[in-house]
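>>> Next come a sequence and a model predicted from it.
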Amino acid sequence: MNGYGGNILRVNLTTGQITKSPTPPELIRDYVGGRGFNVYWLHKEVPKGADPLGPDNKLFISNGPLSGLLVAGGGKCDFTTKSPLTGGYASSSIGGHFSAEMKYAGLDTITLEGMGAKPVYLFIDDNRVELRDASAYWGMGCIEAEKALKEKYGDEFQIAVIGPGGENGVLYASVNHDFGRQAGRGGVGAVMGVKKLKAIVLRGTQSVAVANLGAYREAGMALYQACKDSEGLKPWQSYGTTIVVSWCDEVGALPTRNFSAGSFEGGKTLYGPVMREQIVVTDKGCFGCPSPCGKYSHTKRYNSYVEGPEYETIGMLGSNVGLSDIQDVAQANLLCDELGVDTISTGGVIGWAMECYEKGLLTAADTGGLELKFGNPAAVFELIRQIARREGLGALLAQGVKRAAKQVGRGSEKFAIQVKGMEQSAYATHNATAMLISYMTCDVGAHHNRAWAITYDLQVGRDLVVPEKVQRVIWLQNFRPMFDVFGACRLQWVELGIDRDLYLPLLEAITGVKRTWQDLELVGERIWNLSRLYWIREIEGFGREWDMPPARFYEEPPKTGVTAGQITKFEDVQKLLDMYYEQRGWDANGQPAAATLQRLSLAQ
Ligand code: SF4
């Protein structure tokens with residue numbers, strides 16, 4: 001088990017039973033780790049038709065073979081469950097130190113099943129594993145509870161925690177860690193909340209065996225050296241993901257006022273250098289990271305401290321809701337972190353609600369007198385609080401934009417910016433066909449991190465509808481998630497331009513198994529198809545219609561900004577899907593063909 005913790009921990013919240021079993025070697029062979037393990041467990045263990053917020057659903061947390069070792073960015077783990085937001089596959093990764101600590105406690109996966117009656121937290125101190133009473137922490141915000149648990153147990157313990165959003169069943173509630181990192185997407189926090197599990201408190205002190213210590217040291221140092229030598233290091237460390245705010249604004253990819261445009265006239269105040277000068281106090285990184293992109297900030301206006309905001313939050317809780325002052329965005333970020341709700345989905349539903357209000361589809365009677373206009377920070381703050389409590393208009397918005405739009409109706413579905421029920425993350429896809437098909441086909445809903453193809457659109461021509469674009473997206477979808485499988489950060493490859501081949505000798509030195517990118521991309525493709533099969537199994541009639549983008553992107557060209565007047569035609573959207581299905585080896589309704597499943601060893 002070189003490179004692995006070696007154990008799967010299973011905790012039943014209904015019975016209190018806690019068991020451990022060895023990690024199956026064939027699972028490592030076929031799925032490697034992290035997100036690969038989790039999609040396998042989800043498919044195998046959660047019964048068809050399980051209520052996402054019922055006792056049959058499970059939450060799987062897995063790290064990977066590179067987690068917790070001297071690997072640049074080896075601190076990621078994946079949270080997977082049946083999504084209460086979409087009814088399909090949810091997978092969300094988190095950085096920080098939790099993943100490494102799991103490895104030191106000898107764990108590859110934590111499986112949480114059943115549903116408790118009273119609030120508890122899971123306490124893990126190496127081989128000592130217990131459920132403990134959490135009534136003193138229930139109701140606390142994520143940051144408050146993490147601080148309290150650290151004070152009780154000490155800084156060595158790593159903590160994953162939910163806030164009121166998860167406790168109250170907000171369908172896009174997050175699991176938070178390290179005072180501001182979120183596993184935000186798909187409602188993993190709501191699943192933890194309904195199980196009455198407030199937190200996981202974790203410490204491990206065990207060593208991790210590696211196959212070849214000398215080669216590990218050499219390959220690990222080569223990766224660190226490449227990061228150190230990268231020209232991208234300095235700007236990346238200075239600004240983190242906020243480095244792309246100005247670029248997105250300039251190319252028309254910055255979501256603005258509920259994605260009605262891709263450029264924000266107030267955007268310049270949100271740019272990375274302005275933020276650095278105005279609010280950033282220090283840099284903050286995950287375990288083993290040589291290029292810390294986290295920014296720890298202080299707002300004078302609110303006298304508050306927050307990790308962030310990073311790009312997605314600036315896009316969704318800044319320009320997308322019309323906020324142009326970085327201090328307001330940072331404060332909205334802090335509220336989401338404390339209350340435990342996904343900043344992306346929260347910005348998406350609030351942007352939609354503001355558009356409804358400005359169009360008269362929601363009135364002061366619906367908002368309780370809140371002036372829900374774009375650019376009103378007080379309204380944003382109040383709505384975040386209402387969402388987390390599921391009170392007032394927040395009760396509607398806590399269900400996510402797809403359900404909320406269905407309830408409000410009157411055309412509001414057309415500007416509900418979601419795919420498969422998940423609010424789109426912060427890239428406006430007007431006339432950017434690769435990024436558009438990436439969002440349409442993403443395995444969790446409209447999320448960017450599987451195939452960040454917007455730069456490719458700009459590189460080859462944003463309006464091209466050609467097989468090469470689809471091919472690029474599929475390659476990214478098969479390859480990029482391998483970082484979630486390894487339990488490592490992808491940003492060194494994306495942002496510092498690190499050669500992906502540097503990871504192969506490292507993986508071999510750690511695990512003792514030689515793998516090629518061809519072999520690993522096949523694993524990525526297997527994972528992709530297994531998640532597709534999960535959607536098909538769980539949602540009656542699942543198919544092409546579920547891959548369609550919001551109507552806004554093919555019916556309503558932006559009126560302002562650099563993409564003004566530009567749109568992807570409906571027939572081109574259909575062409576993109578046809579090309580995608582064909583290249584994936586799926587039929588015209590998006591169902592994997594028997595030969596494809598055979599090739600991927602997924603045939604039943
Ligand atoms: Fe974490 Fe950022 Fe470093 Fe990645 S680049 S490991 S997200 S701090």
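That came through fine.
>>> what's the burial count for the residue in the stretch 101-250 of the chain that the ligand sits nearest to?
Across the stretch 101-250 of the chain, the shortest distance to the ligand (Cβ to the nearest ligand atom) belongs to Gly240, at 6.6 Å. (Glycine included, C-beta is placed from N, CA and C.) Other residues lying near Gly240 total 27 when counted by other Cβ atoms under 10 Å.
>>> likewise Leu85?
Neighbours around Leu85, by other Cβ under 10 Å: 30.
>>> Next: Leu602.
Burial of Leu602, expressed as a neighbour count using other Cβ under 10 Å, amounts to 17.
>>> How confident is the prediction for it, by pLDDT?
Leu602 is assigned a pLDDT of 95 by the prediction.
>>> for Ser238, same thing?
Each residue has a pLDDT score; the one for Ser238 is 93.
>>> Return the residues in contact with it.
Contact partners of Ser238, counting by Cβ atoms under 8 Å, 6 or more residues apart in numbering, are Gly272, Arg276.
>>> Would you mind naming the helix or strand containing it?
Using DSSP states H and E, Ser238 sits within helix 233-239.
>>> and the helix or strand immediately after that helix in the chain, average pLDDT?
Using DSSP H and E, the helix or strand that directly follows helix 233-239 along the chain is helix 245-251. For helix 245-251, the mean per-residue pLDDT is 96.
>>> would you put the C-alpha positions of helix 245-251 in CSV?
What follows is the C-alpha trace of helix 245-251 in CSV, where atoms were taken according to Å, rounded to 0.1, in the frame of the first residue of the first chain:
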residue,chain,number,x,y,z
VAL,A,245,-10.4,39.1,-13.0
SER,A,246,-9.0,41.8,-15.3
TRP,A,247,-8.5,39.3,-18.1
CYS,A,248,-12.0,38.0,-17.8
ASP,A,249,-13.4,41.6,-17.7
GLU,A,250,-11.4,42.5,-20.8
VAL,A,251,-12.4,39.4,-22.9
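>>> so is Tyr296 in a helix, a strand, or just coil?
Counting by DSSP: H, G, I helix; E, B strand; the rest coil, the backbone at Tyr296 sits in strand.
>>> So what's the residue count around it?
As a measure of burial, Tyr296 has 17 neighbours, counting by other Cβ under 10 Å.
>>> Next, the buried residues of the helix holding Ser238.
The neighbour-count check on helix 233-239 (16 or more other Cβ atoms under 10 Å) flags Leu233, Trp236, Gln237, Ser238, Tyr239 as buried.
>>> next one: stretch 224-234
Neighbour-count burial for stretch 224-234, with 16+ other Cβ under 10 Å as criterion, is recorded at Tyr224, Ala226, Cys227, Ser230, Gly232, Leu233.
>>> sorry, back to before: who's the closest spatial neighbour of the residue of the stretch 101-250 of the chain closest to the ligand, skipping the chain neighbours?
On the basis of Cβ to Cβ, 6 or more residues apart in numbering, the spatially nearest residue to Gly240 that is not a chain neighbour turns out to be Cys293, at 3.4 Å.
>>> cool, and Lys295?
Leaving aside its sequence neighbours, Lys295 is closest to Val280 (4.8 Å, by Cβ to Cβ, 6+ apart).
>>> List phi and psi for that neighbour.
When quoted as degrees, to the nearest 10, the phi and psi of Val280 stand at phi -70, psi 130.
>>> if we take the buried residues of helix 233-239, which one ends up nearest to Lys82?
Relative to Lys82, the closest of the buried residues of helix 233-239 is Trp236; by Cβ to Cβ it sits at 35.4 Å.
>>> May I have the residues that are in contact with the residue in the stretch 501-604 of the chain that the ligand sits nearest to?
Among residues of the stretch 501-604 of the chain, the one nearest the ligand by Cβ to the nearest ligand atom turns out to be Tyr503. It sits 14.0 Å away. Contacts here follow Cβ under 8 Å, 6+ apart; on that basis Tyr503 touches Leu66, Leu223, Phe486, Ala488.
>>> how close does the first one get to Phe483?
Taken as Cβ to Cβ, to the nearest Å, the spacing of Leu66 relative to Phe483 amounts to 9 Å.
>>> And these two? Which one has more around it.
Set side by side, Leu66 and Phe483 give different neighbour counts by other Cβ under 10 Å, the larger being at Leu66 (33 against 25).
>>> what comes up buried for the longest helix seen in the chain?
Looking only at the chain and at elements set by DSSP state H, the helix with the highest residue count is helix 517-538. Buried residues in helix 517-538, counting neighbours by 16+ other Cβ under 10 Å, are found at 520, 522-536, 538.
>>> How about stretch 14-27?
Of the residues in stretch 14-27, those with enough neighbours to count as buried (16+ other Cβ under 10 Å) are Thr23, Leu27.
>>> can you give me the strands in the stretch 351-500 of the chain?
Along the stretch 351-500 of the chain, the segments classed as strands by DSSP state E, counting those that start in this stretch run 418-419, 422-423.
>>> May I have the beta-bridge partners of Val306?
Ser297 (DSSP bridges).
>>> so it sits right up against Ser297, yeah?
Yes - the pair formed by Val306 and Ser297 meets the contact definition of Cβ atoms under 8 Å, at 5.5 Å.
>>> Overlap in contacts, the two.
In contact with both Val306 and Ser297: Ala330, using Cβ under 8 Å, 6+ apart.
>>> Packing partners of the longest helix of the chain?
Contacts defined by 3 or more Cβ pairs under 8 Å, 6 or more residues apart in numbering; DSSP states H and E place helix 517-538 against helix 25-31, helix 34-45, strand 89-94, helix 467-479, helix 482-486, helix 594-599.
>>> Remind me which helix or strand the residue nearest to Ser91 when sequence neighbours are not counted belongs to.
Nearest non-adjacent residue to Ser91, counting by Cβ to Cβ, 6+ apart: Thr80, 4.6 Å away. Secondary structure assignment for Thr80, by DSSP H and E: strand 77-82.
>>> my guess is Ala72 meets Met221, correct?
No - between Ala72 and Met221 there is no contact under Cβ under 8 Å: 10.0 Å.
>>> Could you give the bridge partners of the closest residue to Leu131 other than its chain neighbours?
Nearest-residue entry for Leu131: Val120, 4.5 Å, with adjacent residues in sequence omitted and distances by Cβ to Cβ, 6+ apart. When bridges are taken as DSSP bridges, the partners of Val120 come out as Asp133, Leu197.
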